[in-house]
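Visitor: Any chance you could fold what I've pasted below:
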Amino acid sequence: MTAPFRLEALAPDHDRTGFACGVEALDQYFTTRVTQDMRRRLTACYVAIASATSRVAGYYTLAAAGIPLSDMPESIVKRLPRYPSIPVARLGRLAVDRDYQGQGLGSAMLWDAVTRAARSEVAVFALVVDAKNEHAEAFYRRQGFVPFGLVPRQLFLPLKDVVSGRGCAGD
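Guide: As a prediction, the model looks like this:
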């Protein structure tokens with residue numbers, strides 16, 4: 001039996017033209033601008049490919065970032081060195097094409113991003129996301145992300161439990 005999707009880095013041969021998740025900003029970014037950001041080394045993009053059709057069923061982007069230590073919850077701060085900022089991976093965008101929504105693909109792509117960030121040779125403390133709306137925020141909270149800082153819908157997931165093999169909320 002073949003897995004319904006495979007996750008891989010975005011490549012020139014992936015057809016992005018028909019992608020439509022229902023959020024114009026996410027659709028337009030993927031179809032017109034993501035490769036520019038990749039060439040500039042501003043982001044990495046990963047796609048979920050439907051095994052049966054070879055269509056792009058979803059995508060997400062990852063980039064390196066730093067967040068001020070003062071934005072983190074005190075329970076986390078007391079366990080960290082007093083550096084001005086801590087290294088994180090930022091999940092910039094995550095979208096699933098309308099034809100594939102409701103199949104758990106968003107969660108699968110999120111945990112692929114968590115795993116990539118946790119296994120990176122460049123150390124990062126957490127995966128950070130700025131949820132676009134209340135629906136997205138609820139999705140990330142169900143996956144174990146927690147709010148931080150003063151920016152609404154800014155969430156993070158510490159990666160130490162993922163690295164240590166203690167599991168994650170998406171399992």
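Visitor: hey, let's count contacts and neighbours off CA atoms from now on
Guide: Will do.
Visitor: Residue 117 sits in which helix or strand?
Guide: Taking DSSP states H and E as the definition, residue 117 sits inside helix 105-119.
Visitor: likewise residue 20?
Guide: Using DSSP H and E, residue 20 sits in no helix or strand.
Visitor: What backbone torsions are found at it?
Guide: phi -150, psi 110 (degrees, to the nearest 10).
Visitor: where does the residue sitting nearest the centre point of the chain sit relative to residue 4, distance-wise?
Guide: By Cα atoms, centre = their mean, the chain has its centre lying nearest to residue 91, at 3.4 Å. Distance, residue 91 to residue 4, using Cα to Cα, to the nearest Å: 23 Å.
Visitor: now do residue 76
Guide: From residue 76 to residue 4 the distance is 38 Å (Cα to Cα).
Visitor: before we move on, what about residue 157?
Guide: Residue 157 is 27 Å from residue 4, by Cα to Cα.
Visitor: Between those two, point out the one with more neighbours.
Guide: More crowded of residue 157 and residue 4, by other Cα atoms under 10 Å: residue 157, with 23 against 12.
Visitor: Helix, strand, or coil at the more buried one?
Guide: When classified by DSSP: H, G, I helix; E, B strand; the rest coil, residue 157 comes out as strand.
Visitor: Please name the bridge partners of it.
Guide: With DSSP bridges applied, residue 157 shows beta-bridge pairing to residue 127.
Visitor: Quick one: the helices in the chain, in order.
Guide: Shown for the chain, the helices assigned by DSSP state H span residues 24-28, 34-39, 74-77, 105-119, 134-142, 160-163.
Visitor: Cross-check the contact I'm expecting between the residue nearest to the centre of the chain and residue 61.
Guide: Yes - shown here, residue 91 and residue 61 form a contact pair, counting by Cα atoms under 8 Å, at 5.8 Å.
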